[in-house]
Each structure stands twice: as C-alpha cells, then as structure tokens.
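>>> Could you look at this predicted model? Sequence included:
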Amino acid sequence: MTPTPNNETLVDLTEDSPEAETPQDATLPVETTRRDIASHTAFARDGLIRFVVSPDGFAVPDLKENLPGRGLWLKADADSLALAIKKNLFSRAAKRQVKAPDGLSDMVPNLIRKRVLDQLGLARREGNLLTGFEKVAAALKLGRSQPHAAGRAAWLIEAADGAEDGRNKLLSVAFSQTPPVNICGIFTNDELSLALGLENVIHAAIVEGRRSQAFSKEITRLSGFQPLFPAKWRERPFN
C-alpha cells in the first residue's frame, strides 16, 4: 500500500542515526548541512527534502523534518527526485530495500505547494500579509526610501490569472527595488482566495519578518520543481 506522508505511524522506528535530531526551537534558523543522496554533495537543509522509510519499505517525504527514523536527504528539484526514483537511490542510501511510492514525482511538489499556501494563510492570520492593489503598492514602495522599514514587502504574490494592467504596475515597482522584491506567481485567484479565506485575491504581499523567512524556505524548495512566475513577467517596458 502506498504510504501516507502525514501518518507518522508509518515511520520505521528501527532506523536511527545522528541526522534524526531533537527538534529545535522553530523560531531559530537552522543552518546545518546534509549530504544529498543523488550528488553526494553537502547542501544547506533548506535546499533539501528529508525522506524516511516506512515499515513496509516505502520512501516517505518528511517536509516537516520531524518524523523519527534515519533521514535520507535529497536536493529539492525535479531532476534529483527523478534520478533517485529511476536509480533506486533511496535503497542505496538506506542500505536496505526501499520502494518509491507510485506518483512520488508529483506527490512531493504537490505537498510543497500546500505548505506554501499554508504559510500564506498563517501570514494573514498573524497580520503579516497585505491584500489589495493599494496596500500592496504602498508596501513595495517602502523599499525605495527605507529599505528595511517595518511593513516593507518581502514577497509580491500575484494571481497567475490576474489582469495584466495591475500586475505590471506592481511588478515595475517590485523589480525597481534594491534588492528586487521576490515574486510569486504560481497560484490562481481561486487558490489564493481559498488559502486566505478571502474573496477575489489578485494582489498580495508578505512583509519582512520571520513569517516571510518561513515562506521563503518552502517556496525555494518549490522553485526546484516549477518556475515561480512566467518568464514574460520580466519583459520591459511594463504598461
């Protein structure tokens, strides 16, 4: 049976290693590195995905990094995941037979997408997310005179199916900042509205702070599986 990643009872408790660390304070940055099982290169944990092995021998993505058992770390991109599945790298790293569940190549980015949307919902509940053209534009413009001002936008989130006129005006401001404001344009109006519990969300911004850092971690992982916005959004001049 294909394992359910959210079910912690599937984890093989017989596998233990120093990588299965005691969870740290979630408010503190984690700067440790882990070795990627595909390239055998050490990377920062934020750029990797942790897998564990279920009792029935399946590789289970552990995006929260809190499931017990030996961690098998893989670089967060589609090519690395495809290689791990094709060459059975989970078995090699675990030194035992490990199976990749059906649909793992789609399961992983879908789980990350959900975590990114969850971060947006948390940001809104904490008061760290703005919606609406005027509020978002004001947060973007703070960077021109006050690069680290309270309330400055760290991320501009634009609905992928929003109108070009308003989007281009905000992109122009975002790209003119130093450094440029990060852009996310992978979610539709419906997806953003559902995640935020609002109607017709087209423009949004996450302000700088710990929540924006948590959002950055998740969406950086997602960027290994899909572009964060269409290339044409960089075209000049903007309307």
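Done, it's in.

>>> and for the helix or strand of the chain with the lowest mean pLDDT, what are the contacting residues?
Within the chain, confidence by mean pLDDT, DSSP states H and E is lowest for helix 133-145 among all helices and strands, at a mean of 86. Helix 133-145 is contacted by residues 130, 149, 151-153, 156, 166, 169-170, 173-174, 176-178, 181, 202-205, 207 when judged by C-beta atoms under 8 Å, 6 or more residues apart in numbering. (C-beta placed from N, C-alpha, C; glycine too.)

>>> what's the burial count for Ile206?
Residues near Ile206, counting by other C-beta atoms under 10 Å, number 27.

>>> Ok, the one 4 residues further on next?
Residues within reach of Arg210, counting by other C-beta under 10 Å, total 12.

>>> Report pLDDT for it.
Turning to Arg210, the model gives it a pLDDT of 94.

>>> ok, it to Asp106 distance?
31 Å (C-beta to C-beta, to the nearest Å).

>>> Tell me which stretches of the chain form strands.
With DSSP state E as the criterion, the chain has strands at 33-35, 42-44, 48-53, 59-61, 72-75, 129-131, 153-158, 182-184, 203-207.

>>> how about low-confidence regions in the protein?
For the chain, residues meeting the criterion pLDDT under 70 lie at 1-31, 143-150, 236-239.

>>> domains of it?
8-102, 110-234 (automatic domain parsing).

>>> who touches the lengthiest helix in the chain?
Taking DSSP state H as the criterion, the chain has its longest helix at helix 104-126. Residues outside helix 104-126 that contact it (C-beta under 8 Å, 6+ apart) are 5, 49, 59, 61, 63, 76, 78, 81-82, 85, 101, 129, 131, 157, 184, 186-187, 191-192, 195-198, 204, 206, 211-212, 214-215, 218-219, 221-222, 225-226.

>>> Mind checking which of these are buried?
Using 16 or more other C-beta atoms under 10 Å as the burial test, the contacts of helix 104-126 include 5, 49, 59, 61, 63, 76, 81, 85, 101, 129, 131, 157, 184, 186-187, 191-192, 195-196, 204, 206, 211-212, 214-215, 218-219, 221-222, 225 as buried.
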